[in-house]
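A.B. asks: here is a sequence together with a model predicted from it:
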Amino acid sequence: MLVLVHGGLWDEPVDAGVFWDRPGVTAGLRAAGADVLAPDRAMRAGSWAAEAEHLAAALPDGPQVVLVAGSNGCSAALRLALAAPGRVRSLVLAWPATAGDERLDALIRAAVPEAAGLLAGGVLRGVTDAELAGLRLPVAVLPAAPENPVHRRRTADALLALVPGAVELPGCPEPPHPAFRPEPLIAALTGWTG
């Protein structure tokens with residue numbers, strides 16, 4: 001089963017419908033034969049660990065899942081994979097949000113002061129680089145193409161260098177960007193997950 005973890009960070013009115021359903025990802029994956037679940041994140045959670053707990057409660061019982069996370073959802077999915085490794089078979093980190101950019105972080109702090117605690121981390125928010133280097137499950141990284149100030153190529157490159165055995169999937173624009181088309185993403189996901 002593919003569990004789709006949407007992006008967004010407090011100030012964005014983004015849920016699974018906006019990120020995965022309306023752009024055609026959920027339907028496209030189902031049409032390709034995938035079993036898909038796209039829960040909403042706890043968008044006003046005070047920590048990435050709280051988001052992971054929320055997502056864990058949405059996971060189905062049974063076999064391990066493949067987490068497909070987009071943008072800031074990558075942080076929530078990684079916290080879940082670290083907290084409950086027996087429930088996650090593999091991870092796809094799509095359009096990972098760039099962390100540690102002081103200009104971008106300052107904009108977030110100014111717009112949503114309550115989210116300031118979510119900005120800490122290493123290459124990704126909410127996760128240390130040591131935790132990333134210690135991952136022992138298959139990980140794929142899908143960069144934003146073209147990159148943008150929130151989803152920079154350097155973030156994808158840093159993940160590929162840091163996570164043992166991580167592979168790169170063909171990049172594409174992220175949903176709900178107007179240039180996003182679901183077909184390249186669906187092909188990359190079904191090709192990698194089998």
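C.D. replies: Good, I have the coordinates.
A.B. asks: my guess is residue 43 meets residue 7, correct?
C.D. replies: No. Residue 43 is beyond contact range of residue 7, at 10.4 Å (criterion: Cβ atoms under 8 Å). C-beta coordinates here come from the backbone N, C-alpha and C atoms, glycine included.
A.B. asks: mutual contacts of these two, please.
C.D. replies: Common contact partners of residue 43 and residue 7 (Cβ atoms under 8 Å, 6 or more residues apart in numbering): residue 14.
A.B. asks: comparing these two, which residue is more hemmed in?
C.D. replies: More neighbours surround residue 7 than the other of residue 43 and residue 7, with 27 against 17 (other Cβ atoms under 10 Å).
A.B. asks: distance of that one relative to residue 28?
C.D. replies: Taking Cβ to Cβ, to the nearest Å as the measure, residue 7 falls 18 Å from residue 28.
A.B. asks: likewise for residue 52?
C.D. replies: Separation of residue 52 from residue 28 (Cβ to Cβ) stands at 27 Å.
A.B. asks: the more surrounded of the two?
C.D. replies: Per other Cβ under 10 Å, whichever of residue 52 and residue 28 has more neighbours is residue 52, with 25 against 20.
A.B. asks: how about the secondary structure of that one?
C.D. replies: helix (DSSP: H, G, I helix; E, B strand; the rest coil).
A.B. asks: now do the one 10 residues further on
C.D. replies: Using three-state DSSP as the criterion, the local structure at residue 62 reads coil.
A.B. asks: how about it: what's its closest non-neighbour residue?
C.D. replies: Distances taken as Cβ to Cβ, 6 or more residues apart in numbering place residue 1 nearest to residue 62, at 7.9 Å, with adjacent residues excluded.
A.B. asks: right, and that neighbour touches residue 61 too?
C.D. replies: No. Using Cβ under 8 Å, residue 1 makes no contact with residue 61, being 10.9 Å away.
A.B. asks: run through the neighbouring helices and strands of the helix or strand of the chain with the lowest mean pLDDT.
C.D. replies: Across the helices and strands of the chain, mean pLDDT, DSSP states H and E gives its lowest value to helix 102-111, namely a mean of 91. The contact analysis (3 or more Cβ pairs under 8 Å, 6 or more residues apart in numbering; DSSP states H and E) places helix 102-111 against no helix or strand.
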